[in-house]
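Asks: here is a sequence together with a model predicted from it:
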Amino acid sequence: MGGIHWLSLEFGPAGSEIQRARKLNPNFRIAHELNGAYLRTVGRYGEALDEIHRSLELDPLSAVSNYMEGDIFFSQRDYRGAIAQEEKTLEIDPNFALAYSVLRDCYDAQGMYDNAVNAYERLFTLNGTPEVAEELKQVYESSGIRGAREWWIQQRSDRAGRRYSPYTVAINYLGLGDKDKTFLWLEKAYEHRDIGFIGFKDPVFDSVRSDPRYIDLLRRISSPQ
């Protein structure tokens, strides 16, 4: 129930149900992982790390918990720590695709686009879409990061398409420096209840954090400011 509320952007009920699960069984590792994810979403990073550390006490070799620790480091803008943690995750499970999503975001945030695209390629290959990985690689090699972002916008903006993701479109417009289109697509993402909003406090939004449109969206998705 907590996970359903969390992915539905209903953060108040999510927190309540997750706490109930923890009380029912304090040694239930998944409850600690999910609580860490919830606390990361609402920006309570210290508490989130405490929960993941508890989860790792219960199972030190959990790829999920190790990945989530790196994801929290990323949210705290500790890119070096996040990269090191995700490399540790991949030592535990070389095919754990989500680790590459954090590596991608860390490299992208630092302008290390070659590394970011390599992480993207590995992520999509592991997810069973190597053709997408190859197309992205070709676009990046011919048109650079700007061309890659434009390609992503084209891929994700078709509402009738299977890969429609207005949140992804918004992120790429932000990467292109177009704030008006960023917020236009964030509104579409809000209407679509895009689960990307669970990362709405991530570093990618640092450049617009003081924008009234960002503050208004943050209020509407019930995430504490």
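Replies: That came through fine.

Asks: distance of the residue nearest the centre of the chain from residue 75?
Replies: Centroid check for the chain by Cα atoms, centre = their mean gives residue 199 as the closest residue, at 5.2 Å. Separation of residue 199 from residue 75 (Cβ to Cβ, to the nearest Å): 8 Å. For the C-beta atoms, the positions are set from N, CA and C on the backbone; glycine is no exception.

Asks: was I right to think the residue nearest to the centre of the chain contacts residue 43?
Replies: No - with contact defined as Cβ atoms under 8 Å, residue 199 does not reach residue 43; the gap is 11.1 Å.

Asks: residue ranges with poor pLDDT in this protein?
Replies: Scanning the chain for pLDDT under 70 picks out 222-225.

Asks: would you tell me which helix is longest in it?
Replies: helix 130-156 (DSSP state H).

Asks: which neighbouring elements make contact with that helix?
Replies: The contact analysis (3 or more Cβ pairs under 8 Å, 6 or more residues apart in numbering; DSSP states H and E) places helix 130-156 against helix 113-126, helix 166-175.

Asks: for the first one, name the packing helices and strands.
Replies: Using 3+ Cβ pairs under 8 Å, 6+ apart as the contact definition, the elements that helix 113-126 packs against are helix 98-109, helix 130-156.

Asks: as CSV, those helices with distance to residue 123 and mean neighbour count would be great.
Replies: Shown next, in CSV, are the helices and strands packed on helix 113-126 (distance: least, Cβ to Cβ, whole Å; neighbours: other Cβ atoms under 10 Å):
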stretch, distance to residue 123, mean neighbour count
helix 98-109, 4, 22
helix 130-156, 8, 16
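
Asks: distance to residue 192 added to the ones you listed, as CSV?
Replies: Formatted as CSV, those follow (distance: least, Cβ to Cβ, whole Å):
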stretch, distance to residue 192
helix 98-109, 20
helix 130-156, 11
